[in-house]
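Novice: Pasting the sequence and the predicted coordinates here, then a few questions.
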Amino acid sequence: MPAAALSIAPIADADIAAVVALWQACGLTRPWNDPAADIALARRGPNATVLIGRDGEAIVATAMVGHDGHRGWVYYVAVDPDRRAQGHGRAMMNAAEAWLRGAGIAKLQLLVRRENAKAGAFYQSLGYAEAETIVFAKWLDGREPTP
């Protein structure tokens, strides 16, 4: 089914369990991040949202998008593994970009794990380029840094 069949809208309360299940099926969750808490945080204010793509009633794609007033970020870009290569990821990224443009944000950044060459190739196919920056991280709750 073509990406045009996707209906894209912000997440609703009833969608949370299905979205978390999709993220788990796509290998996007990590033990140190509670995906339901990430959704709640994104929905807390006007600077972020979780967009879901439906094919009929089924949630088949997502993108969490937000901004800090200067730069936009996207996380949890997911497409049901059984529905990949149908343009759904591109449709979700287009929706995330449109959401940021609507908020007046001109730059979108995202993080890709180095070992995820397929994701890197996908974003390059959409016109994204690897930035010449280094990301530093610190856990504010006392945990040791993770790679």
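Specialist: Right, received. Where do you want to start? None of these values were measured; they are calculated from a predicted model.

Novice: Quick check: G56 vs L110, distance?
Specialist: From G56 over to L110 the distance is 28 Å, taken as CB to CB, to the nearest Å. (C-beta placed from N, C-alpha, C; glycine too.)

Novice: cool, and A36?
Specialist: Counting by CB to CB - A36 and L110 are separated by 21 Å.

Novice: and those two? which has more neighbours close in?
Specialist: L110 (17 against 12; other CB atoms under 10 Å).

Novice: which strand residues sit across from that one in the sheet?
Specialist: Going by DSSP bridges, L110 is paired in beta bridges with V74.

Novice: need the contact list for it.
Specialist: Residues near L110 by CB atoms under 8 Å, 6 or more residues apart in numbering: 73-75, 77, 123, 128.

Novice: tell me the mean pLDDT over the longest strand seen in the chain?
Specialist: Longest strand in the chain by number of residues (criterion: DSSP state E): strand 58-67. Averaged across strand 58-67, the pLDDT comes to 95.

Novice: Packing partners of it?
Specialist: Strand 58-67 sits against helix 16-25, helix 35-43, strand 48-55, strand 72-79, helix 88-102, with contacts defined as 3 or more CB pairs under 8 Å, 6 or more residues apart in numbering; DSSP states H and E.

Novice: right, and those - which one's nearest V135?
Specialist: strand 72-79 (11.7 Å; CB to CB).

Novice: quick one, which of the helices and strands packed on strand 58-67 is nearest to R114?
Specialist: Across the helices and strands packed on strand 58-67, closest to R114 is strand 72-79 (CB to CB), at 16.8 Å.

Novice: Point out where this protein drops to low pLDDT.
Specialist: Applying pLDDT under 70 to the chain flags the ranges 1-4, 145-147.

Novice: Only the buried residues of stretch 101-119, if you could.
Specialist: 103, 105, 108, 110, 112 (16 or more other CB atoms under 10 Å).

Novice: Just the C-alphas of that stretch, formatted as CSV.
Specialist: Provided in CSV are the C-alpha atoms of stretch 101-119 (Å, rounded to 0.1, in the frame of the first residue of the first chain):
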residue,chain,number,x,y,z
ARG,A,101,8.2,24.2,9.9
GLY,A,102,4.8,25.1,11.3
ALA,A,103,6.5,25.9,14.6
GLY,A,104,9.0,28.2,12.8
ILE,A,105,11.9,25.8,13.3
ALA,A,106,14.4,25.8,10.4
LYS,A,107,16.8,23.0,11.4
LEU,A,108,16.1,19.3,12.2
GLN,A,109,18.6,17.0,13.9
LEU,A,110,18.4,13.4,14.8
LEU,A,111,20.6,10.8,16.3
VAL,A,112,21.5,7.4,14.7
ARG,A,113,23.5,4.7,16.4
ARG,A,114,26.7,4.1,14.4
GLU,A,115,25.9,0.4,14.0
ASN,A,116,22.6,1.2,12.4
ALA,A,117,23.8,1.6,8.8
LYS,A,118,20.3,1.0,7.3
ALA,A,119,18.9,4.0,9.3
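
Novice: Lovely, talk soon.
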